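**Student:** when you get a sec, could you give me coordinates for this:
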Amino acid sequence: MLEEVERWLSTRSWSVTDRPLHKILAAKRATGQTVSVVLPALNEQETVGDIVAAVRRGLMRQVPLVDEVVVVDSGSTDRTSEVAAAAGARVVHRDEILPRIPAAPGKGEVLWRSLLVTSGDIVCFVDADLREFSPDFVSGIVGPLLTDPEVHLVKAMYDRPLGTAAGQGGRVTELMARPLLNMHWPQLAGFVQPLGGEYAARRSLLERLPFPVGYGVELGMLVDALHLVGLDALAQVDVGVRRHRHQDGQALGRMSAAIYRTAQLRLARSHLVRPQLTQFERVGNGFEPRTYSVDTEERPPMAEIAEYAARRVA
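**Tutor:** Residues are numbered from 1 along each chain as shown. The predicted structure follows:
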């Protein structure tokens, strides 16, 4: 590990207990910064309501840390929108945001569009499939941004059990993302959960970043932020244990392909001859190929979008 990273680990890796809530609130009052929490959601009716309710109860009613909770529904066919609204979130449908640009499928697309329907100086993203959710996931990663003006992006770090197996979650992280980062961006080797969906950043940074539309968004954002603001502007906070719905191996393969494509673009910006991934499924007595396209589209920095610029002037 680079000496720079070892130093970073000792100065930019914290625990949620390092910043008591009263200190974070004092910093929020002193700076006047506002905080938006965004949940990208697709068919998460079982969990989205509990997350919204926990944020509103713990970080809006009991203490005024969060200013708005927005759920961006990316086309759910279940009751995700109704459950989220009943829990107190403002629900916005992906296709209603920036309608002149047809929406692409993918998580990154939803996060990018969320910048147009939120107003916080700090934007905190939280996956909508978390179970046993604690408000610490929000306060922990928002805290450094409110208390330290030199910090621009904060990732949550946590244990990720796979069922009852401790530390066996995060398979794409260990098999794809971590080797890529260690080999090509060793400054980022200190991130425990580089692909984690819980992170917060200053709007002034997010609006200058391109957003891969799919699963590559977290890796792309981390790499681009490193080049834009430097390692010392990035941080991570230990918030405990993350429990969520796990995907099967083939879905993880597609996720890995998208992440590799995102890395490749940043390494060379070269042409990918075949942006597809073929996987195999047993059918009867043999195996049948299934070919999937790999996310190759990226959205430009939001600061370049006319509607966003007009909103800031208004």
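**Student:** assign a three-state SS to residue 156, would you?
**Tutor:** Using DSSP: H, G, I helix; E, B strand; the rest coil, the structure places residue 156 in strand.
**Student:** residue ranges of the strands in the chain, please?
**Tutor:** For the chain, applying DSSP state E gives strands covering 13-15, 35-41, 68-73, 90-93, 122-125, 130-131, 153-159, 199-202, 211-212, 234-241, 243-244, 276-283, 286-293, 298-299.
**Student:** could you export those as TSV, including distance to residue 227 and mean pLDDT?
**Tutor:** Bear in mind the C-beta positions are built from the backbone N, C-alpha and C, glycine included. Written out in TSV, the entries for the strands of the chain read as follows (distance: least, Cβ to Cβ, whole Å; pLDDT from 0 to 100):
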stretch	distance to residue 227	mean pLDDT
strand 13-15	21	93
strand 35-41	24	98
strand 68-73	27	98
strand 90-93	31	98
strand 122-125	20	98
strand 130-131	30	92
strand 153-159	12	93
strand 199-202	15	98
strand 211-212	15	95
strand 234-241	11	93
strand 243-244	30	68
strand 276-283	27	66
strand 286-293	27	72
strand 298-299	15	89
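**Student:** can I get these in JSON lines with distance to residue 252 and mean neighbour count?
**Tutor:** Putting these into JSON lines (distance: least, Cβ to Cβ, whole Å; neighbours: other Cβ atoms under 10 Å) gives the following:
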{"stretch": "strand 13-15", "distance to residue 252": "27", "mean neighbour count": "16"}
{"stretch": "strand 35-41", "distance to residue 252": "19", "mean neighbour count": "27"}
{"stretch": "strand 68-73", "distance to residue 252": "24", "mean neighbour count": "24"}
{"stretch": "strand 90-93", "distance to residue 252": "28", "mean neighbour count": "18"}
{"stretch": "strand 122-125", "distance to residue 252": "21", "mean neighbour count": "26"}
{"stretch": "strand 130-131", "distance to residue 252": "18", "mean neighbour count": "17"}
{"stretch": "strand 153-159", "distance to residue 252": "19", "mean neighbour count": "24"}
{"stretch": "strand 199-202", "distance to residue 252": "20", "mean neighbour count": "26"}
{"stretch": "strand 211-212", "distance to residue 252": "17", "mean neighbour count": "28"}
{"stretch": "strand 234-241", "distance to residue 252": "20", "mean neighbour count": "22"}
{"stretch": "strand 243-244", "distance to residue 252": "13", "mean neighbour count": "18"}
{"stretch": "strand 276-283", "distance to residue 252": "10", "mean neighbour count": "12"}
{"stretch": "strand 286-293", "distance to residue 252": "12", "mean neighbour count": "11"}
{"stretch": "strand 298-299", "distance to residue 252": "22", "mean neighbour count": "22"}
